[in-house]
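> from the sequence below, what's the structure:
(chains A and B)
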Amino acid sequence: MTLNGWLQIAIMLALVVLTARPLGSFLATVMDGRRCFLTPALMPVEGRIYALAGVDQTREQTWLQYVAALLAFNAAGFVLLYAILRLQGFLPLNPQGFGALSEHLAFNTAVSFVTNTNWQSYGGETTLSYFSQMVGLTVQNFVSAATGMAIIVPLARAFSRANASTVGNFWVDLTRVTLYVLVPLSIVMAFALIALGVPQNLSNYIDATTLEGAKQTIAQGPVASQLAIKQLGTNGGGFFNVNSAHPYENPNIWTNTLEAWGILALALALAVAFGRMIGREREGWALLGVMMLFMIVGCAIAYWAEAAGNPFMHAMGVDGGNMEGKEVRFGIPQSAVWATFTTGASNGSVNSMHDSYMPLGGLVPLLLIQIGEVVPGGVGSGLYGIVVFAIIAMFVAGLMVGRTPEYLGKKLEAKEVKMAMLAILIMPAFILGFSAVSAVLPAALAGLNNPGPRGYSEILYAFSSAAGNNGSAFAGLTANAPWYDTTLGITMLACRFGIIVPVMAIIGSLAAKPRLAPSSGTFPTDGALFVALLAGVIVIVSGLEFFPALALGPIAEHFQMLAGKTF
Amino acid sequence: MLQQLRIAVVMLLSFTVLTGVVYPLAVSGVAWVMMQDQALGSLVRRDGKVVGSALVGQAFTSERYFHPRPSATIGTDAFDPSKTVDAPYNAAASTGSNLGPITKKLIERVQGSVDELRKEGIAGPVPVDAVTTSSSGLDPDISPQNALMQIPRVAKARGVTEDRLRRLVNGEVEGRALGVLGEPRVNVLRLNLALDSLGAQ
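Predicted coordinates:
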């Protein structure tokens, strides 16, 4: 560990917090449906889309109609993407002549992108045509992110409205978030990335003759346009197999800074936007405070573990921290920051290989996924996720003092708490269930790259990543086989929509309630006590769920390492 | 419900055209006009022939060149297409080793690399990047310590003084951005191109 390393980490943490307020205020303007500086240019496009689709933008939906529209849109997205991947061989922009994806790989990949997971069972440059990347994956990068963000509009209304039967219009929220936020930001970011060196072309792979006279085939493609939204939309599915560790997908420290910022930028800004939309910005900052608390601790532990390095290598006279699976241009601090950001948000892009991390370094990303992708989590999904935890936290606080709990002026009753528990428990059910089966199933064990506790962690990480809609991996696992493709696909679907539906039910139920004026007995939810309570509830709930499983993986591995044991 | 499904399909197709066709093609078009060098992959040419990309690492095994980090990329076996073989710096199929820190395979591989360096006559601590594979298998850079460590071998093979090479390496070191961000590094392809033109002088 060096002073410079800590300084780099501090700069990255400061950077993402600094942009939360301006971005959040812009988001609130767009999501509230008010005019912004882009309105003159984009209003005609927005109107044209509504006219084409037959959407009446003034007509609001009940929570059930809202969620039905959301599910219909995502189902259509799945069908289209699956069809593109299966028909790849017949479609244009395929200079390398890649054929169709297998049924299980196409299923896994389509689910993965529709659910904003972007798990990569495929290897970009060896599997997918430019058409599939652009028309298939990039589109879902936009709309799956927009789906998550759209839900924040009714979420805010659940608290700002009283006795309401409707919560908004999914089509309007989806369209506005895509048009006014995601597309313009992506365009700016794509050009910045190209200027800094990221390729953007449709040419064949280049054959170079190296200085030693060998042939080197270098993969190409429209990288920058997909990369921009991959970072901003907490998608994370790489253009190339190794994602943002690839020198074309992340050529230098400037692109790395921009991309790492992109991971957290919108997720944090949404917390501020949420506060503004309910008319109490401090409430949003309290949630942001909880999120950043986890990010700071995560960065510190990951950096400490990786900088300490591998004792087996030190014994051979090797000098330095753990550089296996890391790039020289990023080094250890920037790899640790990225690993923390990408798993705190459910982004899942990587600039280093988590599977080669030290035991406790690898524990950080794994644990951050398992605590539910809420600190700050995916765009939208993280915020509605942390509000679910806030409901549980207020319920616990209410039990302690014997008062009916309330949050942001709404009374929390049996229905909300039941739905919140449902939303929280679906993740451990799928993660632990499928991991347990995989740990004894020969077809599943055949996919492991490492023996011993690291091999078990590869399984645990895979299902955690799928359930958290994260997408990063202990990537040694050969996941492109029928068992993993199918079970991981089912896990992604269940844990995306199995959380969205109860969250929407909570929204519908809260919107219908009257607003309570704060009294002297109201627990303030915009201060340090609430931040500590919420962080504590998140840690305790996930600790109870996952500690036994983690003890068999990274923790066991750490003690084996200290004892000098290898596998 | 049927009406919602119709809306869903039209919405999806609208966004497909907008974000899947117009957006990437417009960005490609503008990039082609304004930033062609980057857009086409920052290719490096010597005597008019493409010798690689400034951003992507390539394999060097000759004693006359500085060597990049070990690489975990693989390729198809030329003799048996159903099998794969080690193919360092295969820029058409990026991958890392994904070996865990207490996995024997990793420790034995690193020991092998260390032994080779010792045979070359390198005493003292070995920079960690010289014996570990990168995450992409295409890392274009090595640490300055790694480059300096290789000077005696290259100097002997080329018959140039170590002093001259040290000046060359030090000239190719890129520092941290703004003095803070990233790590000091040396781009191996650029260093070796400079090395070749050194001989031509």
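
> the strands in the chain, which residues?
By default, I'm working from chain A. With DSSP state E, the ranges of strands along chain A come out as A:206-209, A:215-218, A:318-319, A:406-407, A:410-411.

> not quite, I wanted chain B
Applying DSSP E to chain B gives strands spanning B:43-46, B:49-53, B:74-76, B:84-86, B:126-127, B:141-142, B:173-174, B:185-187.

> show me what contacts A:Leu360?
Contact analysis of A:Leu360 by CB atoms under 8 Å, 6 or more residues apart in numbering or on different chains lists A:301, A:305, A:554, A:558. Where you see a C-beta, it was placed from the backbone N, CA and C, and this is true even at glycine.

> check what contacts stretch A:437-446 and list those residues.
So stretch A:437-446 is contacted by A:455-456, A:459, A:463, A:478, A:481-484, A:487 (CB under 8 Å, 6+ apart).

> B:Phe60 versus the most centrally placed residue in chain A, what's the distance?
Centroid-nearest residue in chain A: A:Ser346, 1.7 Å away (criterion: CA atoms, centre = their mean). Computed as CB to CB, to the nearest Å, the A:Ser346 to B:Phe60 distance reads 40 Å.

> same check on A:Val387?
On the measure of CB to CB, A:Val387 and B:Phe60 end up 54 Å apart.

> higher neighbour count, these two?
Neighbour comparison, A:Val387 and B:Phe60: the larger count goes to A:Val387, with 26 against 21 (by other CB atoms under 10 Å in any protein chain shown).

> against chain B, how distant is that one?
26 Å (CB to the nearest CB, to the nearest Å).

> count of residues packed around the closest residue in space to that residue that isn't next to it in sequence?
Leaving aside its sequence neighbours, A:Val387 sits nearest to A:Leu155 (CB to CB, 6 or more residues apart in numbering or on different chains; 6.4 Å). Neighbours of A:Leu155 under the rule other CB under 10 Å: 26.

> surely A:Leu155 meets A:Ala271?
No: between A:Leu155 and A:Ala271 there is no contact under CB atoms under 8 Å: 11.4 Å.

> now do stretch A:540-552: distance to the chain's middle.
Stretch A:540-552 sits 21 Å away from the centroid of its parent chain (CA atoms, centre = their mean, to the nearest Å).

> got it, and stretch B:125-135?
How far stretch B:125-135 lies from its chain's middle: 13 Å, per CA atoms, centre = their mean.

> and if you look at stretch A:180-193?
Between the centre of stretch A:180-193 and the centre of its chain there are 19 Å (CA atoms, centre = their mean).

> in that stretch, what's buried?
The neighbour-count check on stretch A:180-193 (16 or more other CB atoms under 10 Å in any protein chain shown) flags A:180-183, A:185-187, A:189-191, A:193 as buried.

> kindly indicate which of those residues lies nearest A:Ile426.
Nearest to A:Ile426 among those, counting by CB to CB, is A:Leu182 at 27.1 Å.

> Provide a list of residues in contact with that closest one.
Residues near A:Leu182 by CB under 8 Å, 6+ apart: A:142, A:145-146, A:229, A:232-233.

> so how far is A:Glu324 from the closest residue in space to A:Leu363 that isn't next to it in sequence?
Distances taken as CB to CB, 6+ apart put A:Pro554 closest to A:Leu363, at 4.0 Å, once the chain neighbours are dropped. In this view, A:Pro554 and A:Glu324 are 16 Å apart by CB to CB.

> okay, these two: which has more neighbours?
Higher neighbour count among A:Pro554 and A:Glu324: A:Glu324, with 32 against 26, using other CB under 10 Å.

> that one touches B:Thr133, doesn't it?
Yes: A:Glu324 is within contact range of B:Thr133, at 6.4 Å (criterion: CB under 8 Å).

> can you lay out the buried residues of stretch A:180-193 as a markdown table showing pLDDT?
As requested, the buried residues of stretch A:180-193 are exported to a markdown table (pLDDT from 0 to 100):
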| residue | pLDDT |
| --- | --- |
| A:Tyr180 | 98 |
| A:Val181 | 98 |
| A:Leu182 | 98 |
| A:Val183 | 98 |
| A:Leu185 | 98 |
| A:Ser186 | 98 |
| A:Ile187 | 98 |
| A:Met189 | 98 |
| A:Ala190 | 98 |
| A:Phe191 | 98 |
| A:Leu193 | 98 |
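
> what is the nearest of these to A:Val318?
Using CB to CB, A:Leu193 is the member of these that lies nearest A:Val318, at 34.4 Å.

> chain neighbours aside, what residue packs nearest to that closest one?
Leaving out its chain neighbours, the residue that sits closest to A:Leu193 by CB to CB, 6+ apart is A:Ala224, at 4.5 Å.

> mind checking how far the one you found is from A:Ala190?
Using CB to CB, A:Ala224 is found at 5 Å from A:Ala190.

> mutual contacts of the two, please.
Listed as contacting both A:Ala224 and A:Ala190 by CB under 8 Å, 6+ apart are A:200, B:27.

> domain ranges for chain B?
Listed domain ranges for chain B are B:2-38, B:41-200 (source: automatic domain parsing).

> for A:Leu23, give me its contacts.
For A:Leu23, the contact set (CB under 8 Å, 6+ apart) comprises A:265-266, A:269, A:272.

> and which of the contacts of A:Leu360 is nearest B:Val22?
Proximity of the contacts of A:Leu360 to B:Val22, judged by CB to CB, is greatest for A:Ile301, which lies at 43.5 Å.

> which residue, other than its chain neighbours, is closest to that closest one?
Per CB to CB, 6+ apart, closest to A:Ile301 is A:Val364, 5.3 Å.

> next one: B:Pro24
Once flanking residues are discounted, B:Pro24 sits nearest to A:Ser225: 4.0 Å by CB to CB, 6+ apart.

> ok, the one you found touching A:Leu137?
No: with contact taken as CB under 8 Å, A:Ser225 and A:Leu137 are classed as non-touching, separated by 10.9 Å.

> okay, the two: which has more neighbours?
The neighbour comparison of A:Ser225 against A:Leu137 (other CB under 10 Å) goes to A:Ser225, with 32 against 28.

> hang on, the earlier thing: and the gap between the residue nearest to A:Val387 and A:Phe395?
18 Å.

> A:Pro247 now?
Counting by CB to CB, the separation of A:Pro247 from A:Phe395 is 49 Å.

> neighbour-wise, which of these two wins?
Each of A:Pro247 and A:Phe395 has its neighbours counted (other CB under 10 Å); A:Pro247 has more, 28 against 20.

> what's near enough to touch A:Gly168?
By CB under 8 Å, 6+ apart, the neighbours of A:Gly168 are A:60-61, A:66, A:153-154, A:157.

> okay, the domains of chain B in JSON lines with mean pLDDT next?
Listed next are these as JSON lines, based on pLDDT from 0 to 100:
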{"stretch": "domain B:2-38", "mean pLDDT": "96"}
{"stretch": "domain B:41-200", "mean pLDDT": "95"}
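
> now, among the contacts of A:Leu360, which is nearest to A:Phe341?
Ranked by distance to A:Phe341 (CB to CB), those are led by A:Ile301 at 13.8 Å.
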